[in-house]
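Undergrad: pasting the sequence and the predicted coordinates here, then a few questions.
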Amino acid sequence: MNSKQTAAIRKILNEWYLINKRTLPWRETKDPYKIWISEIILQQTRVNQGLDYYNRFIERFPDVKSLAEAGEDEVLKYWQGLGYYSRARNLHKAAKQIMNKYNGAFPTVYHEVLSLSGVGEYTAAAVCSLAYHQPYAVVDGNVYRVLSRLTGSSTPIDTSVGKKEFSAVAQQLLFITSPDVHNQAMMDFGALQCTPANPDCEICVLQDFCEAYKLNIVGQLPVKQGKTNVKNRYFNYFFIKNDDYTYLKKRTGKDIWQNLYEFPLIETDKEMNFQELTETESFRQLFGETELTVQKISHPVKHILSHRIINAVFYKINISDENETIKDFEKLLLSELNQFPVSRLTELYLEKG
């Protein structure tokens, strides 16, 4: 794009945004903390889902200090249901970094913002442009799509070459005297007008500048290099009831749902029924000679994550005594279950009763 085209696109985008912009609470503030929280939430979450989480999170943790001083379990509990829990753990870690390194004041320099745990180039650009009016272009999924179609580029957006190419185009297009408005306009235009499927190109204000429209390849862009390899996993959960008590354990390994709590789990390499499970060594280690009664078996559930499909079954089990293995789990009152951060999969199971 030449300078005349970029100037025209900036002007059109700005006018479109003033009419069509979404009213969102993080756009009503210049507080870098609140903008940061919103950007982390929206990394893997749609706006309509993330809004309620944002409001609850900010109500409980209104500033860096309150977030840094909270326990990780509580932070994860407020994040429960959003998924990608490493985001919450990194938020907590970064808040502590800000308290220790910057005396609680959110950093104002791009490379310092970028140095925070869990903050990448996109988030650093968003915070610096939206809070401080610094000239950094944001490139998220919506912006990749808009730029790919505008330029007609088939360079895969999930490659280092593609990221470099589109970052350069985004920076070229950036309206540096009003980077906050421009970046928000780009993101909203991708979310509302230049949508992934069936965009209404006939009413698009950027139609005259869109190479993909001219070449009739809008539906083919943007291009991704390849699909993620998805693996099936088989989880058998045991909701063990012992009078008014049950048992949980924290997932501490470097795996999905790290530091969340879950019921005793037997993971198998294929789907098994209860009789088959009882014949496994893992079942014998978990229950030993303990007398048990199966109260209820859930229907099989498929829980889809980005790289995994969790095939889960929940077994509600009654026991009257404990063996040494069960004693290794955290014993708690059934009434205390809702105080522990759990995966969305487990949360849905508990909601259904």
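TA: Sure, I can see it.
Undergrad: now the element after the lowest-mean-pLDDT helix or strand in the chain, going C-ward?
TA: When the helices and strands of the chain are scored by mean pLDDT, DSSP states H and E, helix 324-327 comes last with a mean of 89. Of the helices and strands lying after helix 324-327 in sequence (DSSP states H and E), the nearest is strand 330-333.
Undergrad: give me the contacts around that next one.
TA: For strand 330-333, the external contacting residues (CB atoms under 8 Å, 6 or more residues apart in numbering) are 242, 244-250, 261, 340. Any C-beta I mention is one placed from the backbone N, CA and C, and that applies to glycine too.
Undergrad: and which of those is nearest Leu305?
TA: Comparing these against Leu305 with CB to CB places Tyr261 closest, at 17.7 Å.
Undergrad: verify the stated contact: the closest one with Gln339.
TA: No - between Tyr261 and Gln339 there is no contact under CB atoms under 8 Å: 9.7 Å.
Undergrad: so these two - more neighbours on which side?
TA: Between Tyr261 and Gln339, Tyr261 has the larger neighbour count (other CB atoms under 10 Å), namely 22 against 12.
Undergrad: how close does that one sit to Arg89?
TA: Distance, Tyr261 to Arg89, by CB to CB, to the nearest Å: 14 Å.
Undergrad: next, the closest residue to Pro135 other than its chain neighbours: phi, psi?
TA: Spatial nearest neighbour of Pro135, chain neighbours left out: Ile176 (4.2 Å); criterion: CB to CB, 6 or more residues apart in numbering. Main-chain dihedrals, Ile176, degrees, to the nearest 10: phi -70, psi -20.
Undergrad: Ile176 contacts His133, correct?
TA: No - Ile176 lies out of contact with His133 (CB under 8 Å); the separation is 9.4 Å.
Undergrad: and the residue most central in space within the chain, its phi and psi?
TA: Nearest residue to the geometric centre of the chain (CA atoms, centre = their mean): Gln44, 3.4 Å. Backbone torsions for Gln44, taken as degrees, to the nearest 10, come to phi -130, psi 20.
Undergrad: that one: what's it in contact with?
TA: Here Gln44 is in contact with 82-84, 87 (criterion: CB under 8 Å, 6+ apart).
Undergrad: state the pair within those residues that is farthest apart.
TA: Using CB to CB, the contacts of Gln44 reach their maximum pairwise distance at Gly83 and Arg87, which is 8.6 Å.
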